[in-house]
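Asker: Predicted structure and sequence below. I'll ask about it afterward.
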Amino acid sequence: MVVFKKEWLNDIRFWILVFFLLRMYGITNAPLEIGHNWRQSLTNMIARNFLQMDNNVLYPRADVDGNNTGIMATEFPFFNYLIYLTSKIFGYAHWYGRLINLIVSTIGTYYFYKTIQRFINQKLAFHSTLILLSSLWFAYSRKSMPDTFCISLVMIGIYYGLLFMYENRKLYLLLFAVLSSLAVLCKIPAVYLLSILIIPFFDKNIQSKIKIQLSLAGICVLIIMYAWYFYWDPILLSTFHFQLYYPRGLFQGLGDLITYAPDTFEKFYFIALESFVAFGIFLFGLFFMIKQMQKLMLLIFGITSFVFFIFMCKTGYVFSTHSYYIIPFVPVMALITGYGIGQFKNRKLQIALLFIISMEGILNQQNDFRIKDSEKYKLNMEQMANRFTSRNDLVAINGGQNPQEMYFLNRKGWNCSNQEISDSIRINSMKEKGCKYIFIDKNYMPVVDLSAKFKEIYSDENFAIYNFQKK
């Protein structure tokens, strides 16, 4: 029998474990929740194709590229490959990415704490980590997405990079280089947090040769990142003409951020910390940092904010309209908010604020842990498709731009809007390219009826299937 000890409440490992267990609720859910199910479906789709088609990590494949190869210019699929390797051992399941992300993000949270504890102070580390745990991190660290996963890797890498500078152990330098490289390969925005390592270069107590060694390791990280995103990805794009992301020019992206200003600002005042109270404390902490001239904190905030703003401009409207693009900046906001909590000298008030922020964050995200009954019909899509089609048949479905339904069909072909699927020119084009069947999800309004054009071979309350080759 485990006996609860009061001192556990002051041990961050206890709270990290509590939040880990909370996020295990619904961990085996398929990617059917409303929040970014499309990105999770795409992540799983690429992983499943490593299992079913070709496990060459240099050629990530999606299923929504019509009659083409599906090979996509995208992030380096390290996260997807971990899902593939797990599936190779245990057989494929929708939820492996959730658990992998949760484990790595939990470890990353602990290293976030260790970094602040080691290089600033323990109380700030404790406050900031609790705020990070209940922020946007709470929900996204259990999704089949590489965002908190890559930020966790880079936070662990930063910890070892800093340790190397002060303890001069080559193992720490190696861990920094490997973890940081994997982080920036998984998602390029992770590179912005490495800007924090500029700060120790001003410390005269660190030997020049150590600074040079860390710089060389950092250059290697950047070269690896460059090799994938600016050498190999363009080759994939020019060869296969299929890409995931569309970077913007700096001024074009800045214009997007201004055009979508309400959405842009929402990412900071609510989405990042999932708490209005937390954002208020963030502003409070920022004010006192400036007032008290906290040089280290101001340097951290100033350097990371500048680099992150460049990243925002490069993504433009995508940053404004997608909640998870703020994730790389969430640890910095959690740090500043933790500093704000520390400005209240009454310990009971500090605890009360941490409790309110945590509860607000959890309650604002609890819907993400449940699957609506109205979405569960998609779980039977592959079984339905297997009754009437072969897995090698090319199909079309009215899933719009979301690859989710093609993922659940476990088929390859075309995602179309209702308007496209009703367009004779579009239909004939797909038919000429080998499409054999059209799946209609009747839950997308208005309902499309193709029975006047094609032979209906199946129909139920949710779906209709038409044989593309027979009128």
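Answerer: Yep, that arrived.

Asker: okay, CA-based contacts and neighbour counts for the rest of this
Answerer: Will do.

Asker: Strands of the chain, residue ranges please.
Answerer: In the chain, the strands defined using DSSP state E lie at 394-397, 412-415, 435-441, 455-459, 463-467.

Asker: Determine which of the ones you listed approaches Ile198 most closely.
Answerer: With Cα to Cα, the closest approach to Ile198 among the strands of the chain belongs to strand 412-415: 45.3 Å.

Asker: which other residues reach the closest one?
Answerer: 63-67, 392-403, 406, 430, 435 (Cα atoms under 8 Å, 6 or more residues apart in numbering).

Asker: cutoff 7 Å now
Answerer: 63-67, 394-401, 403 (Cα atoms under 7 Å, 6 or more residues apart in numbering).

Asker: from the residues you listed, which single one is nearest Ser323?
Answerer: Relative to Ser323, the closest of the contacts of strand 412-415 is Gln401; by Cα to Cα it sits at 17.6 Å.

Asker: Could you pull up phi and psi at that closest one?
Answerer: With angles defined as degrees, to the nearest 10, Gln401 sits at phi -90, psi -10.

Asker: I'd like to know the beta-bridge partner residues of the residue nearest to it when sequence neighbours are not counted.
Answerer: Computed as Cα to Cα, 6 or more residues apart in numbering, the closest residue to Gln401 that is not its neighbour in sequence is Asn415, at 6.3 Å. Beta-bridge pairing for Asn415 (DSSP bridges): Ile397.

Asker: could we number from 36 for the rest of this?
Answerer: With 36 as the first residue, the last one maps to Asn450.

Asker: how close does Asn450 sit to Val99?
Answerer: 6 Å (Cα to Cα, to the nearest Å).

Asker: Over to Val92?
Answerer: Counting by Cα to Cα, the separation of Val92 from Val99 is 19 Å.

Asker: higher neighbour count, these two?
Answerer: More crowded of Val92 and Val99, by other Cα atoms under 10 Å: Val99, with 26 against 14.

Asker: Can you give me every residue that contacts the more buried one?
Answerer: Shown in contact with Val99 (Cα under 7 Å, 6+ apart): 105, 438, 447-450.

Asker: Arrange those residues in a markdown table, one row each, with neighbour count, distance to Lys123 and pLDDT as further columns.
Answerer: Output for the contacts of Val99, formatted as a markdown table (neighbours: other Cα atoms under 10 Å; distance: Cα to Cα, whole Å; pLDDT from 0 to 100):
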| residue | neighbour count | distance to Lys123 | pLDDT |
| --- | --- | --- | --- |
| Gly105 | 22 | 21 | 93 |
| Pro438 | 23 | 23 | 93 |
| Lys447 | 24 | 21 | 96 |
| Gly448 | 27 | 25 | 94 |
| Trp449 | 25 | 28 | 94 |
| Asn450 | 24 | 28 | 93 |
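
Asker: Quick check on the contacts of strand 447-450: which are buried?
Answerer: Among the contacts of strand 447-450, those classed as buried by 16 or more other Cα atoms under 10 Å are 98-102, 429-435, 438.

Asker: okay if I get those as a markdown table plus distance to Arg74?
Answerer: Shown next, in a markdown table, are those (distance: Cα to Cα, whole Å):
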| residue | distance to Arg74 |
| --- | --- |
| Asp98 | 13 |
| Val99 | 13 |
| Asp100 | 16 |
| Gly101 | 19 |
| Asn102 | 22 |
| Leu429 | 22 |
| Val430 | 21 |
| Ala431 | 20 |
| Ile432 | 18 |
| Asn433 | 18 |
| Gly434 | 14 |
| Gly435 | 14 |
| Pro438 | 8 |
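
Asker: Which one of these is nearest to Phe111?
Answerer: Asp98 (17.5 Å).

Asker: what's the distance between the residue lying closest to the closest one once chain neighbours are set aside and Gly288?
Answerer: Distances taken as Cα to Cα, 6+ apart place Lys447 nearest to Asp98, at 4.5 Å, with adjacent residues excluded. Distance of Lys447 to Gly288, given as Cα to Cα: 33 Å.

Asker: What of Arg96?
Answerer: 28 Å.

Asker: Comparing those two, which shows the higher neighbour count?
Answerer: The neighbour count for Arg96 versus Gly288, taken as other Cα under 10 Å, is higher for Arg96 (28 against 22).

Asker: mind checking how far the nearest residue to that one once chain neighbours are set aside is from Asn90?
Answerer: Excluding the flanking residues, the one nearest Arg96 by Cα to Cα, 6+ apart is Ile106, at 4.2 Å. The gap separating Ile106 from Asn90 is 12 Å, by Cα to Cα.

Asker: same thing with Ser457?
Answerer: 36 Å.

Asker: do Leu384 as well
Answerer: 54 Å.

Asker: more neighbours, these two?
Answerer: Asn90 (18 against 12).

Asker: Per-residue pLDDT of the more buried one, please?
Answerer: If you check Asn90, the pLDDT there is 95.

Asker: Ile69 now?
Answerer: Confidence score, pLDDT, at Ile69: 86.

Asker: Number of residues surrounding it?
Answerer: Applying the criterion other Cα under 10 Å, we find 14 residues in the vicinity of Ile69.

Asker: That one: what's its closest spatial neighbour, skipping adjacent residues?
Answerer: In space, Ile69 is closest to Asp403, 7.3 Å off (Cα to Cα, 6+ apart).

Asker: is it true that the one you found touches Leu67?
Answerer: No: look at Asp403 against Leu67 with Cα atoms under 7 Å: they stay out of range, at 9.6 Å.

Asker: which of these two has more neighbours?
Answerer: Leu67 (23 against 17).

Asker: Go ahead and confirm that one touches Ile406.
Answerer: Yes: counting by Cα under 7 Å, Ile406 is a contact partner of Leu67 at 6.2 Å.

Asker: Which residue comes closest to Phe336 once chain neighbours are left out?
Answerer: Val367 (6.9 Å).

Asker: For the one you found, give its distance to Leu257.
Answerer: Distance of Val367 to Leu257, given as Cα to Cα: 22 Å.
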